[in-house]
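K.L.:
The amino acid sequence is not available; the structure is as follows:
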C-alpha cells in the first residue's frame, strides 16, 4: 500500500514539475521583453537592486518547508538563467563540448599527418634543446620509428629564476634545422603572447605548459593564430577547468586544440605527479578535441615508462609524449625521466604490441 | 512609456515569482512525504533513475524560450534542494549534530576537570612511554604548568611491523604510576576492542588513532564504556566522515566523545600533514562535541609549534595536544616533532598571552 | 696552449674524482657497520642530531671556494645516499619485497585457479548481497563469461551508522549457495578479527577494506589463517604504507596476499577517487605479490568502466574487480557504479580484445 | 662495548668527511680554472660529453658498496655544484630568503601606511567593482574601521570565458574615485604585463592571482616597476614554489612583494580550498617578506569568516584580505563568500579583541 502511496505522490510531483516549467518559461519570456526595453533605453540589463527586492519579497512570502536560504538560492539560479538567456541561446553551447558520439576534431598538420583520427601519435624528443648533436642523434632515432613530431624546449619555464632557462632562439634554430633534415615537425612551449612572432618562424605546434593553463591573455592570443596548440592540464586543475581553458582558445578562433593530461598533485611520493588516467575516457566523453598523455612529466621517472605507454595506448588516448635523450644522466634538466635511445626502442616495441 | 512598460512587466514577474514559490514548497512537502515512506521501506532518498525520468518528461514538454539544458539545470537545482531538505530532516536525528547555537557537550573527568566548557585544555606528554625517568621528568614539568592530562603510547600503531611497537602493559604501569604521583589523568591509544579490559585498569581517557577512525567494531565497543574517547580524524577523511565515526560511538551509548583534528594529506611537503584549521569553526558549527587539535602530528616539526599553539588558542578549539620529551633527539619515535621541556614552557607562555 | 692547460687540469680532476669515489665507498662501509650496531641496539638509522653535528664540523672546516651552503647540500646528498643504502639493506629483509625480477607469488585457489600467474583474473558480483534472486542472476551471467570468483558484501562498512549495513550471515549463506551452484569461489569483506570463524565457514577469499588497511590487529589475525587475503589500499595511503600493511599479514604467517589499488583521494571531483594507475607498475616492481584493480570504487561511475577495464588489462595488473547488479538503479548501495549485465558483457568483450 | 664501537666508527667518519671536503674544494678550484680558460677560448662551459666520460670512468672504478646509480647521482650533484659555483657565489643567496631572525621587508605605501611592520593590515572591498554606489557604500563602511586599502577587481580572471569578466577601465575609474574620496589606496588584480601602463594610472598595489603565480613573464615585468605586488599562492603550488615566484619579481628589481596564502586544493569538500595556516609560520621563518591571508577565497564561505580572522590575527601574519559587499546575495560573483557590512563590523570587533 505504501508503494502505491509513493506512486500516487510521484504523479502529483510530475504535475507540479510541468506547472513550474510553464511558469519558468513564461517568466523568461517576460524577462526577455524587459531586456529588449532596457536595451532601447540604454540602461544596464543587470539590476542588483531589483534582484534584492525580489528576493526580499520571496523571503517574506515563504512559509516553508524550504528555508529562506534555499528559496533565495533557487531563485538566484532562475535570475541567472534569465539574465544569460539571450547570450546563452546565441552561444548554443560550449564549443569544445562533444555534441554527439561521433563528433571529433581532427588536427591536420602541415605534412598531412593527422592527430585525433584513430592513428596513435607519438611526440618525442629531449626535454630541452641542448646542442645540435643532441637533437640530431635523438631525431635520427625517433624518426626511424615513425615519430613525426619533435619536441624540445628553447624557453623553459622554471620554478627558480636561477635554473637553466633554455637556449632561446638558438635552440629554435637547432630544432628547426634538425626537424627539416629528418622531415619532422617541431613543437615547443610558448610562455607569453609576445613570443608568438618569433616562435612562429620555427615551430609547427605550440604547447602551453601547466603553469600557464589559465593564463587567459595567452590563451586568447593563441586563438588568433592557426597553428595547433597542445594545452597541458595544470597539476592543480580539474578537468572542468581544462575544458574551459581550451574554450578560451577555440572561442577566440583557433579550433586546433589538443588536450594533454600530465598528472596531478597528490600525497603519493613515489611519482612526481599522479597520472589521472580516468581523465582520458572522461575527456573523450565530454569533448571532441584530441587527448594525449605526457608520460614523462606525470611519473617523473623513466623506469615505469614502458608500462605507462601500454596503459596510454589502451586508454583511448590519441597519443603520448615521451622525453628521449641520447645520454640522460648528463641532461641539463629532468635527467631522471628522459629515456635513453635503447629504452625508447623498447617502449615503441611495447606500444606496437598492444591491440585494443 | 517604455519605462511604464517595464514596471508593468515587472509586476507580472513578481506574481509569477510567488506562484513558483508556492509550487516549489508544495513540491517539497510531497517529496518529504515520499521520503518518509521510503525511509520506512528502507530505500535510499536519492533515486537517479527517477530523476532521469522526470528530466526526460520536462525536456519533452519544454517549448522554450529556456533551452532544455537550462531547464534541466534549474530542475537539478530543485531536485538537489529537495534532497537536501530530506537529508536535513534525517540529520536532525544525528546525535552528534548541534541542534541549537548554545548546545555543547561538556566532558566531566574523574578529577572534576572539564573539557568543552570554555577552559582551554592542554594534553601533553611524550609520543611513547619509554621509561619511568622519561615519564617522571616530563610529568613534573608539564604538571607545573597546570596540565592535567598525561599522554603516552604503550601500544604504538606503526606503519611497518618492524618499528618499535611500544612497551605494552609495562608502559601503562609507568604512565599510571607517574600520573598518580603528579595528580594527573592518563590518556593512551586503543587499537582493538580486545584491549578494553586491560587498558581500563590504567587509563582515564582513550584515544582512537587516525588509522582506526573508521574501524566500526572498535567504535561500537567504545560506545559500551563510559570513559571519554578522543577520536582522531584520519589523514584521509572528510569532516563529514569524522562526524559519522563519532556517531558510531555516541549512538552505541557513550556520549563522551572529543574530536581531534591532526592534519590531512596534501601535496605540500614542508609539513608532514596540512593542519586543516578551518575544521575547527566548521566542527564547532556542526556538532556539540568538544574539538581539540594535535599540533605535533599535524606539522611533524617542532619549530613551528609555538605559533601553531597560538593559532589553535584563537581558533575556538577546546584545547590542544602537544608532545614533550625530556630529550627529543634520542626519542624512540617522532624525534623531530617532540618539544624539549624549555620549548614546552615557551609554548605555554605564548598560549597564556593570547586572549580571544 | 691553453687547450693543453685544460687537458692537464682535467686529468687532475679525474684523479680527484677517483679519490672522492674511494672515500665515499669507505665512508659507506663504515656507516653500514654503524647501522648494524644500531639495529642490534634497536635505535633508528636516521639521526638528525648527529647529522647536524657533522654539518657544523664541515662548515667550520670549510675554506671555500664552495660556499657553506653548497658543502652542506652536497653532504646532505651523501648522508641521504648512506641512509638509503642502510634502508635498502633493511628492506632486503622485508618479506613482500621482490628480490629478483622473476620472483612472483602465485595464489593457488581451492578449485585450482591461480592468481598472479599470467592469467588475468576477473572478480565480479554485486556491491552487497541483497537477495537470492539478485545473486543467482548475477552469478549465472558472470560465470558464463568465465568469472570464477563471486564478490558480495554481507557486512558492509558504512560511513554512517544509519546506512544499510548488509544482510549479515544470511547474506553469506546466499553467496555460498549461489557460488556452489555455479562452481564459483566466494570473496567478501572482513572488518574485525572476531568475524574470522563465521566467515571461514562460507568464504574462500577474504578482503580487507580501505578503512581497515592499517588495522594491525586484524592484519596480524589474518596472518594466522591460510585463506588468501585481498588487501585494499586506503584512499589516504601511500604505496609504501600498503606494502607495510601487507608485510603485517605475511610476517604473521600467511603468504597469500593480493594487493588491490582502488583510487586515492584528490581534488578532482569527476571521479569519486583518482585511480592511481602508476601504482600497478610500481607495485609490480617493488613486490612479488599479485596486484589487482577495483575499477568500480576508484571511479564511482559506470560510464567509464569499459575503458578503465582495457587500461587495467594493459597495465600489467593480475586482474580486476568490477561490480555487477541485475538492476543497478534499485541497488541498495553504490547504484551509480554497478554495471548492468549487458554492460558487463560489453566490458568482457573489450577486455578480451586487448592484447599486450 | 658496541656503544664504544659506534663512537669509534663515527670518529672515522668525521675524518673521512673532512678529507672529502678538502677534495671537493680542490676540485672546485681546478674546475674554476678550467672555466676561466674556456671563457677565454669562447667555448661553452657546460660540456655534456666530458661529464659522460667522467661518469663512465667512475662507474668502471666503483667497487661498492654504493651502487653505480648512487655514485653517478652523487657526482652529478658535484658537477652541478661546480658548474654553478661562480654564479652562485656571486648571487650569494636567494634574495627573498631571510638571512637573520630580525630581517624584515617593510612595504611603505604612498600614504605612509606600512605593511610588514607589526601593524596588522586589513585589505577589504568587494570581489569585483560593480557600480559606483556599491563601491561607495563599501568604502564608507570599511574606511570607518580604519581600513586603508580598497580591493575590487576590474578585470576578473574567470575559469569560463563566458563568465562576467569585470567592468574593465570603467571599474578602475570607479575604484580610484571612491578611494580618493575616502583617502584610501586601491589594489586590483593584474593578469598580463600589457596591463601595466593602464593599471598604473589607477592602482597603488597590484596583485597577481593564483592562476598567474608562475607566469614568469608577468613576474619579471612587475620587477621593473616600484608599486608593491601582492603575490597569491596558487592553489596547486608548494611554499617553495611561491618563494621562487617571489624571487622572480625581487631579482628583477622590485623588492616590494607581499606573499598571500589563500588555500590549497585538497579532498575536503566543506571548504572551497583548505587554508594552509602552517604556511604563515613557515613563510615567516623562511623569508623576510610580509605575509597576509585571504580568508574569503580560502574558505569560499562567509559563515566561518570571523573565527578565521581571529586565527589569522594570532598566526603572526601581517594582515588579511576579506571581501565585503553591501548586498552579498546579489553580488555578480562569489556571492557565498562576501561579507555584508554588519558582518564586516563583527569581524573587525573580533580581530580587535585578539591579543597575541
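P.N.:
All right, it came through fine. Because the structure is predicted, anything quoted here is derived from the model rather than measured. Numbers count the residues shown, from 1 in each chain, chains lettered A, B, ... in the order given.
K.L.:
elements contacting the longest helix anywhere in chain A?
P.N.:
Taking DSSP state H as the criterion, chain A has its longest helix at helix A:2-41. For helix A:2-41, the packing partners by 3 or more Cβ pairs under 8 Å, 6 or more residues apart in numbering or on different chains; DSSP states H and E come out as helix A:68-83, helix A:85-91, helix B:2-41, helix B:48-61, helix B:68-91. Heads up, the C-betas are built off the backbone N, CA and C, glycines and all.
K.L.:
Give me the neighbour count for the residue in the stretch 101-250 of chain A positioned nearest to chain D.
P.N.:
Per Cβ to the nearest Cβ, residue A:236 is where the stretch 101-250 of chain A lies closest to chain D, at 1.7 Å. Other residues within reach of residue A:236, judged by other Cβ atoms under 10 Å in any protein chain shown, total 22.
K.L.:
correct me, but it touches residue A:263?
P.N.:
No. Using Cβ atoms under 8 Å, residue A:236 is not in contact with residue A:263; the gap is 11.0 Å.
K.L.:
follow-up on the earlier one: for the residue of the stretch 101-250 of chain A closest to chain D, what are its contacts?
P.N.:
A:264, A:265, C:267, D:234, D:235, D:236, D:237, D:265 (Cβ atoms under 8 Å, 6 or more residues apart in numbering or on different chains).
K.L.:
Tell me the pLDDT of it.
P.N.:
Looking at residue A:236, its pLDDT reads 95.
K.L.:
Next, it: phi, psi?
P.N.:
Backbone torsions of residue A:236, given as degrees, to the nearest 10, read phi -120, psi 10.
K.L.:
Can you tell me the closest non-neighbouring residue to it?
P.N.:
residue D:236 (1.7 Å; Cβ to Cβ, 6 or more residues apart in numbering or on different chains).
K.L.:
again with residue A:81
P.N.:
For residue A:81, the spatially nearest residue (Cβ to Cβ, 6+ apart) is residue B:70, at 5.1 Å.
K.L.:
neighbours of the one you found, just the number please.
P.N.:
Residues near residue B:70, counting by other Cβ under 10 Å: 24.
K.L.:
sorry, back to before: distance of the residue nearest to residue A:236 relative to residue A:323?
P.N.:
22 Å (Cβ to Cβ, to the nearest Å).
K.L.:
So residue A:188 is in contact with residue A:199, correct?
P.N.:
Yes. Taking contacts as Cβ under 8 Å, residue A:188 lies within contact range of residue A:199: 6.8 Å.
K.L.:
Give me the common contacts of those two.
P.N.:
If you check residue A:188 and residue A:199 against Cβ under 8 Å, 6+ apart, the residues they both contact are A:172, A:206.
K.L.:
Close to chain D: what parts of the stretch 51-200 of chain A are there?
P.N.:
With the criterion set to Cβ under 8 Å from any Cβ of the partner chain, the stretch 51-200 of chain A comes near chain D through A:51-52, A:55, A:72, A:76, A:87-88, A:91, A:130-131, A:134, A:157-162, A:191-194.
K.L.:
Stretch A:326-333 spans what distance, first to last residue?
P.N.:
13 Å (Cα to Cα, to the nearest Å).
K.L.:
what is the rounded mean pLDDT of that stretch?
P.N.:
So the average pLDDT for stretch A:326-333 ends up being 78.
K.L.:
what does chain A have sitting close to chain C?
P.N.:
A:236, A:238-240, A:264-271, A:274-282, A:284-285, A:298-299, A:303-304, A:307-308, A:310-311, A:313-316, A:353-356.
K.L.:
just to revisit the earlier point, quickly name whichever of the contacts of residue A:236 is closest to chain B.
P.N.:
For the contacts of residue A:236, the nearest to chain B is residue A:265 (3.8 Å; Cβ to the nearest Cβ).
K.L.:
C-terminal to the worst-scoring helix or strand of chain A on mean pLDDT, what's the next element?
P.N.:
Scoring the helices and strands of chain A by mean pLDDT, DSSP states H and E places helix A:85-91 at the bottom, with a mean of 49. Remark: after helix A:85-91, the chain's next helix or strand is strand A:107-108, criterion DSSP states H and E.
K.L.:
quick one: that following strand to chain centroid distance?
P.N.:
Taking the mean of its C-alpha atoms, strand A:107-108 sits 17 Å from the chain's own mean (Cα atoms, centre = their mean, to the nearest Å).
K.L.:
Show me the strands paired with that strand, marking each as parallel or antiparallel.
P.N.:
On the basis of DSSP bridges, the sheet neighbours of strand A:107-108 come out as strand A:114-115 (antiparallel).
K.L.:
list the helices and strands the next helix or strand along the chain from the strand it pairs with packs on?
P.N.:
Scanning forward in sequence from strand A:114-115 by DSSP H and E, the next helix or strand is strand A:121-125. Counting contacts by 3+ Cβ pairs under 8 Å, 6+ apart, strand A:121-125 packs against helix A:132-143, strand A:149-151, strand A:319-323, helix A:341-353.
K.L.:
just the angle between strand A:121-125 and helix A:341-353, please?
P.N.:
With axes from the mean of the first three to the mean of the last three Cα atoms, to 10 degrees applied, the angle from strand A:121-125 to helix A:341-353 works out at 180 degrees.
K.L.:
any idea whether residue A:247 is helix, strand or coil?
P.N.:
helix (DSSP: H, G, I helix; E, B strand; the rest coil).
K.L.:
Quickly check: stretch A:97-105 near chain B or not.
P.N.:
No. Shown here: stretch A:97-105 not in contact with chain B (Cβ under 8 Å from any Cβ), separated by at least 10.1 Å.
K.L.:
More neighbours: residue A:188 and residue A:199, which one.
P.N.:
Shown here are residue A:188 and residue A:199; by other Cβ under 10 Å, residue A:188 has more neighbours (27 against 21).
K.L.:
Low-confidence stretches in the stretch 51-200 of chain A?
P.N.:
The stretch 51-200 of chain A contains residues with pLDDT under 70 at A:85-93.
K.L.:
one more time with 50, if that's ok
P.N.:
Within the stretch 51-200 of chain A, the segments meeting pLDDT under 50 span A:87-92.
K.L.:
near chain B, which residues of it?
P.N.:
Checking the stretch 51-200 of chain A against chain B by Cβ under 8 Å from any Cβ, the hits are A:54, A:57-58, A:61-66, A:70-71, A:73-75, A:77-78, A:81, A:85, A:88-89, A:93.
K.L.:
just the stretch 201-350 of chain A next, same as before
P.N.:
Residues of the stretch 201-350 of chain A lying near chain B (Cβ under 8 Å from any Cβ): A:265, A:266, A:267.
K.L.:
Out of these, flag the one nearest to chain C.
P.N.:
Using Cβ to the nearest Cβ, these come closest to chain C at residue A:266, 5.0 Å.
K.L.:
What does that closest one show for phi and psi?
P.N.:
phi -140, psi -170.
K.L.:
One more: residue A:101?
P.N.:
Backbone geometry at residue A:101, expressed as degrees, to the nearest 10, gives phi -60, psi -30.
K.L.:
Pull the number of nearby residues for it.
P.N.:
7.
K.L.:
Quickly note the distance from residue A:281 to residue A:352.
P.N.:
When residue A:281 is compared with residue A:352 (using Cβ to Cβ), they lie 23 Å apart.
K.L.:
oh, I was asking about residue A:116
P.N.:
From residue A:116 to residue A:352 the distance is 20 Å (Cβ to Cβ).
K.L.:
When those two are compared, which one has more neighbours?
P.N.:
Taking neighbours as other Cβ under 10 Å, residue A:116 and residue A:352 compare with residue A:116 leading, 21 against 12.
K.L.:
shouldn't that one be in contact with residue A:104?
P.N.:
Yes. Between residue A:116 and residue A:104 there is a contact under Cβ under 8 Å: 5.7 Å.
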